[in-house]
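> Can you look at this prediction? I've put the sequence above it.
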Amino acid sequence: MSSKGLLRFRNITLKTRLTMAVAIFFVLSLGLLYALASSVFESALEKLIIARQSSLIANAANEIDQKVELRKNALIRLASDLGSDDIGTEKIQSFLAQHHSLDGLFDNLTVFDLQGELLANLDNPATRGKLNISSRDYFQRVLKQKRIVISPPLKSGISGRPLVVICVPVFDPGGHMLLVLIGTIELTQDSFLADLATAKIGDRGYFYVVTTDGVFVTHPDQRRVLRSIRDMPDKNQISDNALAMLDGSLTTNDNTKDESILSYRRLKSVEWLIAGVYPTNEAFSVVAKVRRDAVLAGAALLLVFLLLVWWFMYWQLTPLQRLRNKVNGAEAVLPAAQANTHYPKDEIGDLAKAFDDAMIKRMDAEAALSASEKKLRLIADNMSAFIGYIDYQEKYTFVNKRIEHLFGLTAQQTLGKTIKEISTPDFYRQTKPYVTQVLNGEWTCFERRVERYGYWEWDRVTYVPDVNKSGKVDGFFVLVEDITEFKRVQDDLTRSEKRVRTITDNMPAMIAYVDASERYQFCNRSYGLIPGLQPADLLGKTITEVFGEETYLELKDKIDRALHGEKVSFERYAPERDIKRFLQYEYVPDINTSGETLGYYSMVIDITDRKEAELKLAASEGLLRTIADNIPAFVSLIDSENRYQFVNRPYEAWFDLPLSKIRCQPVLSLLSGAMQQEHQVHYKLAMAGEKTEFETEITVAGRTGHYHATYVPQYDGNGKVVGVNSLVNDISDAKAVEQQLLALARFDTLTDLPNRNQINERMEQASARSRRTGRLMAMMFLDVDKFKSINDSLGHHAGDLVLQEFASRLKHCIRQTDLAGRLAGDEFVIVLEGLNMHSEADMVASKIVQAMTTPFEIEGKPLMVTTSIGVAISSEHNSNAGEMLKKADEALYLAKKAGRNNFKVLQLE
């Protein structure tokens, strides 16, 4: 339009322009509505036609399935009768002759022996012994599979007509395969598929059947029967992708008006698909007539509407003209003065008031938004972690002040720049894979070690994709947390575990762990002091195997008490293995959270010196004083009136009194709290002639520790109890070691995974739960491929790092409710519970194999590490943990034999 024409259009009154606009809008809306309604109608009609066609296909498929199943069941019954008697070749022919009633189902029935020789022929007995089918595929399959087999469509060598063969194995009563019964069905048989080839959908629609390999079984065009869809392609055939599907519908299109609706469905009884073709121009013929009628009706309606719009717009816009004149002649009123403004009581007044209200709300909203942004910025800038947002072009659009610590740049210097621009090439190269991953819509979290300001720091980086409503990634949120302190604590924990082992090996006591089967699972280095014995000799052996039957019988009562949850403490003289020492034993039961005793901890202290001191004490009071005052224990003699008659030097530190203030004082006046009650109970027992022991907490010189007290009766020459000898030993260190041993006995110190003890316990629990719930469980036995060569080439330290990384990746591949543990060396076990199907175990095994394909970072160098996995699946009736572990070991051997870096699955019977 020229400038003059545009000026003339603007000079037209608003009423005229609005009328023209509404008229144009109505025409466009009517056209759009017509197009939309037509599209919706066609879509609904297409769905209806497809639904009807799919129903026809389903009915036809069900009918064919019934026909096939009828024939299969007839052959199975016939084979069952044939195998129930021991009959010869002539009797087999006679047997077939008795079943001419099956002619309506089969074109012929034949019987072959296992070498493929024809033994009987229902229609042509003269061919017996003249035909051998041992080389034919369907015969080979039935011999191999020993179950019913339906051949692909074949061309008859006699009649030249298409047919299929149903093969049924014949078994004797003992289950041995004797014969093969074959029923032949011509595809053009009237009772089978002949009626399908002539059936119609509408006037020009038709049906056809094709195998999942793409071979036509039946088709209105007889030239296509037994031919591949790839040899005679057309637009109405099923695609290669659709051959693998169960059912579906689509509209064929070859860029002409000759389109068709194609629906297909897979048969249940045989690997065939039935398809129906319905031309769209026939299906949608009713739409063309409806379209013509709608165009005529719409044109008439448009003329009437235009006249009404013209009159109505002229009438309605008259008040607006008056409002325009009023606005042009009045001064603008600020929204803040709205309270003093009077508005007309009509639509125009409401419009003016609504506009002022909207302006005030907008100003308030802008102020609130500004305050919210300032608060958000204040919170973000004061967080200890870095928070940012990076768009899909890898540009920073939001960062908090933590960016200055990470890259030495201010927020203003960072905004608008890409990751590559503000980072070093090495840093960007390491970060790029994770950026690509999150921009593909995947939540990503990783850790990195970075040198900043001359110090090494650890970061935990989290990338969260920002996915819009259309499913596209606009960018991603970044959270960078400083985990340097966490890593330091983690390293300290590792060193602490090593220190515990060092402490245990250097304690002046023999410390061991014995499981519920009374076998040694742990022992410290002190056991090497026993003549002719090394610590490694104890592991896995019983007490009888190590120390002899006589020693075991002597200790059996104490062992039984410990395995029943009782803490046991006793002393004995040990003559076995030339030890010949006085020993003090402490048996502490290992009780799990369920209250079950899994074993016990044994701490054996050499008390020979103490025993000898006690003997010397009886012979010489002076020697007793010297010894008693210099041993790290509290030694005393309490008389029959419960008063101290003798105390050694350590009592001064306990009571903070000189020995002269302690002697002859009532014991209860010096003791306090719970110690009074414990002393009184055990004092009475000792005065009654019973040796008694107990443990308590005592505060000495401001330090509270654990102490073991022994009360021994003191007899006079007549055998009367005249007092009590008290010996109180400091066992605080032993208590600390006891707690550390509880942790060491259940977890592997290298990988922090459950060790063999805990694995055995939890496997049995998982097996019990599987039997109780009836759900499947799986057990995986896996190791590191060629781990010995890694140790030999890189050293044991590198091997330990490989095992730690291997264990870490295992934990990320399983659920929190599953178990991953280390048996020994590079052998690991995984237990999966609550499975619904076998494929879930396959998915986890595949995930683990895939997780190991990423190179390990070992001492700054990449190392390719693979794993082989043996998987055992429980059966409906068997989930025994021991059998599953053995079956998983067998599967691991198969995986190794298959070339490693894979997994094999076996199921319990």
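Perfect, I can see it now.
> burial count for residue 609?
Neighbour count of residue 609, defined by other Cβ atoms under 10 Å: 12. For the C-beta atoms, the positions are set from N, CA and C on the backbone; glycine is no exception.
> Where does it fall, secondary structure wise?
Secondary-structure assignment from DSSP states H and E places residue 609 in helix 608-619.
> In stretch 585-598, which residues are buried?
Burial within stretch 585-598, assessed by neighbour count using 16 or more other Cβ atoms under 10 Å, is assigned to 585, 586, 587, 588, 589, 590, 598.
> Might you report the residue contacts of the residue nearest to residue 721 when sequence neighbours are not counted?
Counting by Cβ to Cβ, 6 or more residues apart in numbering, residue 713 is the residue found nearest to residue 721 once chain neighbours are left out, at 4.8 Å. Residue 713 makes contact with 686, 687, 688, 689, 690, 691, 721, 723, 724, 725, according to Cβ atoms under 8 Å, 6 or more residues apart in numbering.
> Dump the residues you listed into CSV; add neighbour count, distance to residue 220 and secondary structure as well.
Below are the contacts of residue 713 laid out as CSV (neighbours: other Cβ atoms under 10 Å; distance: Cβ to Cβ, whole Å; DSSP: H, G, I helix; E, B strand; the rest coil):
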residue, neighbour count, distance to residue 220, secondary structure
686, 22, 109, helix
687, 18, 113, helix
688, 10, 110, coil
689, 11, 112, coil
690, 13, 106, coil
691, 14, 106, coil
721, 15, 116, strand
723, 23, 118, strand
724, 26, 112, strand
725, 18, 113, strand
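> Among these, which one lies nearest to residue 152?
Within the contacts of residue 713, the smallest distance to residue 152 is 91.1 Å, found for residue 691 (Cβ to Cβ).
> what about the closest residue to residue 464 other than its chain neighbours, distance to residue 708?
Excluding its sequence neighbours, the residue lying closest to residue 464 (Cβ to Cβ, 6+ apart) is residue 477, at 4.5 Å. Residue 477 is 59 Å from residue 708, where distance means Cβ to Cβ, to the nearest Å.
> Now do the helix holding residue 609: everything it contacts.
Taking Cβ under 8 Å, 6+ apart as the rule, helix 608-619 contacts 581, 582, 583, 623, 624, 627, 628, 631, 633, 727.
> how about a cut-off of 10 Å?
If you take Cβ atoms under 10 Å, 6 or more residues apart in numbering as the criterion, helix 608-619 is touched by 571, 573-574, 579-584, 607, 623-628, 630-631, 633, 635, 637, 646, 712, 725, 727, 729.
> how close does the closest residue to residue 131 other than its chain neighbours sit to residue 169?
Closest residue in space to residue 131, ignoring its immediate chain neighbours: residue 118 at 4.2 Å, by Cβ to Cβ, 6+ apart. Residue 118 sits 16 Å away from residue 169, going by Cβ to Cβ.
> Tell me which residues touch residue 111, please.
Residues near residue 111 by Cβ under 10 Å, 6+ apart: 78-79, 82, 89, 92-93, 95-96, 117-122, 128, 170, 178-182.
> So which of the residues you listed are in strands?
Mapping those onto strands (DSSP state E) picks out 118, 119, 120, 121, 170, 178, 179, 180, 181, 182.
> Which members of the residues you listed are the farthest-apart pair?
Within the ones in strands among the contacts of residue 111 (distances taken as Cβ to Cβ), the two that end up farthest apart are 121 and 178, at 17.7 Å.
> neighbour count winner among those two?
The neighbour count for residue 121 versus residue 178, taken as other Cβ under 10 Å, is higher for residue 121 (20 against 16).
> For the more buried one, give the beta-bridge partners.
Taking DSSP bridges as the rule, residue 121 bridges to residue 110.
> That one and residue 127 touch, don't they?
Yes - using Cβ atoms under 10 Å, residue 121 makes contact with residue 127 at a distance of 5.1 Å.
> about what we covered before: mind putting the ones in strands among the contacts of residue 111 in CSV, distance to residue 506 and pLDDT included?
Supplementary listing: the ones in strands among the contacts of residue 111 in CSV, determined by distance: Cβ to Cβ, whole Å; pLDDT from 0 to 100:
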residue, distance to residue 506, pLDDT
118, 87, 89
119, 86, 88
120, 88, 88
121, 91, 87
170, 78, 90
178, 77, 86
179, 80, 90
180, 78, 91
181, 81, 89
182, 82, 90
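> Mind giving me the PyMOL select for those residues, buried ones only?
Of the ones in strands among the contacts of residue 111, the buried ones can be selected in PyMOL as follows, counting by 16+ other Cβ under 10 Å:
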select buried, resi 118+119+120+121+170+178+179+180+181+182
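> So which residues of the stretch 651-800 of the chain form strands?
Secondary structure of the stretch 651-800 of the chain (DSSP state E, counting those that start in this stretch): strands at 692-700, 703-715, 721-730, 776-784.
> so which of these is the most packed in?
strand 776-784 (a mean of 25; mean count of other Cβ atoms under 10 Å).
> Please enumerate the strands of the stretch 201-350 of the chain.
Under DSSP E, counting those that start in this stretch, the stretch 201-350 of the chain gives strands at 205-211, 216-218, 247-252, 260-266, 272-279.
> Can you spell out which helices and strands pack onto the helix or strand containing residue 144?
Using DSSP H and E, residue 144 sits within helix 137-145. In terms of contacts (3 or more Cβ pairs under 10 Å, 6 or more residues apart in numbering; DSSP states H and E), helix 137-145 is packed against strand 149-150, strand 162-171, strand 177-186.
> looking at these, which is closest to residue 753?
strand 149-150 (49.3 Å).
> what distance separates that closest one from the centre of its chain?
40 Å (Cα atoms, centre = their mean, to the nearest Å).
> and it, what does it pack onto?
With 3+ Cβ pairs under 10 Å, 6+ apart as the test, strand 149-150 has helix 14-83, helix 137-145, strand 162-171, strand 177-186 packed against it.
> What strands line up against it, and which way round?
Counting by DSSP bridges, strand 149-150 is paired with strand 162-171 (antiparallel).
> how far does stretch 539-549 stretch from start to finish?
End-to-end distance for stretch 539-549, by Cα to Cα, to the nearest Å: 18 Å.
> still on that earlier bit, out of the strands of the stretch 651-800 of the chain, which gets nearest to residue 792?
Taking Cβ to Cβ, strand 776-784 is the member of the strands of the stretch 651-800 of the chain nearest to residue 792, at 13.3 Å.
> So what are the sheet partners of the closest one and their directions?
strand 827-835 (antiparallel), strand 867-873 (antiparallel).
> and the ones you listed as CSV, adding distance to residue 196 and mean neighbour count?
Below are the strands paired with strand 776-784 laid out as CSV (distance: least, Cβ to Cβ, whole Å; neighbours: other Cβ atoms under 10 Å):
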stretch, distance to residue 196, mean neighbour count
strand 827-835, 43, 21
strand 867-873, 43, 26
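> Output those as TSV; include the columns mean pLDDT.
Formatted as TSV, these follow (pLDDT from 0 to 100):
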stretch	mean pLDDT
strand 827-835	93
strand 867-873	95
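> Among those, which comes closest to residue 419?
Nearest of the strands paired with strand 776-784 (Cβ to Cβ): strand 867-873, 34.1 Å.
> how distant is that closest one from the center of its chain?
How far strand 867-873 lies from its chain's middle: 16 Å, per Cα atoms, centre = their mean.
> Kindly export the helix or strand following that strand (C-alpha atoms) in PDB.
Next helix or strand after strand 867-873 toward the C-terminus (DSSP H and E): helix 881-897. Backbone C-alpha positions of helix 881-897 (Å, rounded to 0.1, in the frame of the first residue of the first chain) are rendered in PDB as follows:
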ATOM      1  CA  ALA A 881      22.800 -68.500  49.700                       C
ATOM      2  CA  GLY A 882      25.600 -71.100  49.600                       C
ATOM      3  CA  GLU A 883      24.300 -72.700  46.500                       C
ATOM      4  CA  MET A 884      23.800 -69.300  44.800                       C
ATOM      5  CA  LEU A 885      27.400 -68.300  45.600                       C
ATOM      6  CA  LYS A 886      28.600 -71.600  44.100                       C
ATOM      7  CA  LYS A 887      26.400 -71.100  41.000                       C
ATOM      8  CA  ALA A 888      27.700 -67.500  40.700                       C
ATOM      9  CA  ASP A 889      31.300 -68.800  40.800                       C
ATOM     10  CA  GLU A 890      30.400 -71.300  38.000                       C
ATOM     11  CA  ALA A 891      29.000 -68.400  35.900                       C
ATOM     12  CA  LEU A 892      32.100 -66.300  36.600                       C
ATOM     13  CA  TYR A 893      34.200 -69.200  35.200                       C
ATOM     14  CA  LEU A 894      32.000 -69.200  32.000                       C
ATOM     15  CA  ALA A 895      32.400 -65.400  31.700                       C
ATOM     16  CA  LYS A 896      36.200 -65.800  32.000                       C
ATOM     17  CA  LYS A 897      36.200 -68.600  29.400                       C
END
